[in-house]
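Student: Quick one, structure for this:
(one chain, ligands or ions: 3)
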Amino acid sequence: MDTIVAPITPLINSAVIVVRISGDDALKVLKLFDISNLEHRRVYNATYYGSEVRDDVILTFFKAPNSYTGEDVLEVSFHGNPLIVSSFISDCYKLGFRFAEPGEFTKRRFLNGKIDLSQAESILDLINSKSKYSIQFSYNTLTGALKKRVDSIISKMVDIGSVIEAFIEFPEEELDQSSFDNLYHEIELISNEVSTLISNYNTIQHYKTGFAVVIAGKPNVGKSSLLNFLLSQERSIVSDIPGTTRDYILEYANLGGIPIKLIDTAGVRSSSDTIEKLGIDRSLEMIQHADLVIVLLDASSFDDEDRYILDITKDKTRLIFVNKVDLVANLDIEHDLAFSLKYSIDVDKIVPKITEKLSLSDSDSAYTSVLINDRHLTLFKDFLSCLNSLVNGLTSLDLDIAAFELQQSLNILYEITGERYTDSILNNIFERFCIGK
Ligand SMILES: Nc1nc2c(c(=O)[nH]1)N(C=O)[C@@H](CNc1ccc(C(=O)N[C@@H](CCC(=O)O)C(=O)O)cc1)CN2
Ligand SMILES: Nc1nc2c(ncn2[C@@H]2O[C@H](COP(=O)(O)OP(=O)(O)OP(=O)(O)O)[C@@H](O)[C@H]2O)c(=O)[nH]1
Ligand SMILES: [Mg+2]
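Tutor: Numbering: from 1, shown residues only. Ligands and ions are numbered 1, 2, ... in the order given. Take a look at the predicted model:
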């Protein structure tokens with residue numbers, strides 16, 4: 001493989017800029033330093049004698065095949081001046097090295113068999129994660145959670161394939177019903193497993209784009225006050241005039257590490273005001289699409305308008321919060337939490353209540369869940385339809401069809417792990433990586 005070079009930290013005036021070199025000729029660069037004979041995985045302090053500038057640097061060497069790319073890798077840490085690094089990279093071109101394409105180091109790591117394609121993809125997800133949960137999900141995939149699952153499905157499919165081949169090869173032997181039933185059963189288990197993986201996709205989507213949390217309630221209960229409290233900012237207008245919020249207000253927030261789209265809505269009541277009515281329609285629509293509805297009640301005025309909102313949200317994931325507890329001595333409304341936003345009574349319990357409601361269950365914890373990306377989703381759906389055709393082949397005793405569909409379904413799985421790939425699949429994945437990754 002030709003030798004490539006690129007900065008692996010931003011090329012800006014900073015403390016240190018690190019440049020990575022990978023390839024057969026990587027050690028040739030030592031001509032530019034006052035050092036030779038580097039040992040695997042050791043760190044050295046050296047001087048760079050460039051054609052234009054000099055610098056005092058740190059060198060780290062990883063000998064092939066035990067490096068990030070699987071090739072000889074040298075990392076050079078320069079003082080953080082981009083001019084030094086540009087000059088160094090020009091010197092590298094003179095040695096015959098070329099500038100690495102985005103993601104090329106990781107692509108080589110994949111091509112050299114250090115990681116599978118799902119692990120390579122997770123590196124990009126890890127870097128781009130917008131929440132700590134998303135980082136944990138990506139880290140699971142990085143350490144092989146999805147690879148393991150797909151590998152185990154592959155081995156089960158291979159087993160099923162050999163049974164089908166045996167049926168084809170020895171047609172004279174009675175095809176007894178029980179071996180068929182067994183195959184159907186195995187296929188169903190695999191189908192269920194893949195369906196679960198597909199449903200997990202929604203979880204990661206939520207963690208990427210944020211959970212839609214809608215604050216709903218009749219006018220004047222304190223919805224806008226709650227939004228402002230959660231944002232720690234006077235974003236929404238608060239007043240004692242019922243019907244203050246006319247259109248919904250959407251803001252992004254991060255509550256306890258969970259990304260949230262927080263939506264303050266117009267108070268729901270029967271109104272004759274045209275604009276207010278339009279706002280209320282939007283509130284009802286927001287409620288429909290919410291991942292979580294916070295139904296806000298006023299401790300001092302529980303009535304039919306509240307009952308109406310409780311009724312239309314009864315099938316949604318929801319929390320019932322009661323505000324203005326300062327106004328009553330006894331509270332006999334069913335609720336998840338009661339507080340006073342105005343007088344800061346029990347407001348510290350609000351965020352934990354919301355995050356608790358949105359958090360994954362233990363069985364689906366961020367540390368163990370196997371989550372998939374868009375590419376995997378498409379492939380898994382194709383896989384399921386292949387399984388369907390496979391079952392049809394078996395049912396109609398068309399074993400050649402069954403064998404063909406089985407091979408197709410395996411090919412799809414190999415595309416997930418990257419055991420099979422085309423240049424365009426790889427390009428699609430790695431072109432989205434940053435320089436130096
Ligand atoms: N300086 C530096 N920091 C970094 C990276 C890097 O490449 N360089 N990484 C880059 O993203 C991440 C760490 N990931 C890495 C993963 C594998 C290997 C590596 O050398 N693996 C070899 C050796 C394993 C061993 O012998 O234990 C291998 O897989 O064979 C290096 C870094 C984050 N921090
Ligand atoms: N007593 C008391 N008043 C509160 C409390 N929280 C908010 N308020 C007051 O209730 C009034 C309405 O608050 P908002 O936040 O505007 O209520 P809203 O639900 O957004 O109202 P609409 O937008 O009209 O639907 C304001 O005058 C607030 O100051 C509280 O805990 N106790
Ligand atoms: Mg309001």
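Student: all strands of the stretch 51-200 of the chain, in order?
Tutor: With strands called from DSSP state E, counting those that start in this stretch, the stretch 51-200 of the chain shows them at 54-62, 73-79, 98-99.
Student: CA-only coordinates of the longest one in PDB, if you can.
Tutor: To tie it back to what came earlier, the one meant is strand 54-62. Output of strand 54-62 as PDB, limited to C-alpha atoms (Å, rounded to 0.1, in the frame of the first residue of the first chain):
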ATOM      1  CA  ARG A  54      12.700  22.900  12.500                       C
ATOM      2  CA  ASP A  55      10.700  21.800  15.500                       C
ATOM      3  CA  ASP A  56      11.000  19.900  18.700                       C
ATOM      4  CA  VAL A  57       8.500  17.000  18.400                       C
ATOM      5  CA  ILE A  58       7.100  13.800  19.900                       C
ATOM      6  CA  LEU A  59       7.200  10.600  17.800                       C
ATOM      7  CA  THR A  60       5.200   7.500  18.400                       C
ATOM      8  CA  PHE A  61       5.700   4.400  16.400                       C
ATOM      9  CA  PHE A  62       3.400   1.400  15.800                       C
END
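Student: Which positions in that strand come out as buried?
Tutor: 55, 57, 59, 60, 61, 62 (16 or more other Cβ atoms under 10 Å). C-beta: built from backbone N, CA, C; applies to glycine.
Student: Would you mind getting the angle between it and strand 73-79?
Tutor: Calculated by axes from the mean of the first three to the mean of the last three Cα atoms, to 10 degrees, strand 54-62 forms an angle of 150 degrees with strand 73-79.
Student: Quick check: can you name the pairing partners of strand 54-62 and their directions?
Tutor: Sheet pairing of strand 54-62 (DSSP bridges) gives strand 42-49 (antiparallel), strand 73-79 (antiparallel).
Student: again with the shortest one
Tutor: Strand pairing for strand 98-99, determined by DSSP bridges: strand 4-7 (parallel).
Student: hmm, the strand it pairs with in reach of ligand 1?
Tutor: No: Strand 4-7 stays out of contact with ligand 1 when judged by Cβ under 6 Å from any ligand atom, the minimum separation being 11.6 Å.
Student: Over to stretch 59-68?
Tutor: Yes: counting by Cβ under 6 Å from any ligand atom, ligand 1 has neighbours in stretch 59-68: 62, 66, 67, 68.
Student: quick one: that stretch to chain centroid distance?
Tutor: 30 Å (Cα atoms, centre = their mean, to the nearest Å).
Student: ok, residues contacting that stretch?
Tutor: With Cβ atoms under 8 Å, 6 or more residues apart in numbering as the test, stretch 59-68 has contacts from 22, 33, 35, 38-46, 70-77, 105, 109, 112, 114.
Student: could you give me the average pLDDT of it?
Tutor: In this model, stretch 59-68 has a mean pLDDT of 98.
Student: Now do the same for the one residue in the stretch 51-200 of the chain that gets nearest to ligand 2: its pLDDT.
Tutor: Among the residues of the stretch 51-200 of the chain, residue 131 lies closest to ligand 2, at 27.6 Å counting by Cβ to the nearest ligand atom. Model confidence at residue 131, given as pLDDT, is 77.
Student: Could you do residue 370 as well?
Tutor: Note on residue 370: pLDDT of 82.
Student: for residue 362, same thing?
Tutor: pLDDT at residue 362 comes out at 48.
Student: and the residue of this structure nearest ligand 2?
Tutor: For the chain, the residue closest to ligand 2 is residue 267, as judged by Cβ to the nearest ligand atom, at 2.7 Å.
Student: just checking, that residue is part of a helix?
Tutor: No: membership of residue 267 in a helix is not supported by DSSP: H, G, I helix; E, B strand; the rest coil, which gives coil.
Student: Got phi/psi on the residue nearest to it when sequence neighbours are not counted?
Tutor: The shortest distance from residue 267 to any non-neighbouring residue, by Cβ to Cβ, 6 or more residues apart in numbering, is to residue 219 (3.0 Å). Backbone torsions of residue 219, given as degrees, to the nearest 10, read phi -60, psi 150.
Student: try residue 250
Tutor: Note on residue 250: backbone dihedrals following degrees, to the nearest 10 are phi -120, psi 130.
Student: mind checking which helix or strand the residue lying closest to it once chain neighbours are set aside is in?
Tutor: Excluding its sequence neighbours, the residue lying closest to residue 250 (Cβ to Cβ, 6+ apart) is residue 263, at 5.1 Å. Element membership for residue 263, per DSSP states H and E: strand 258-264.
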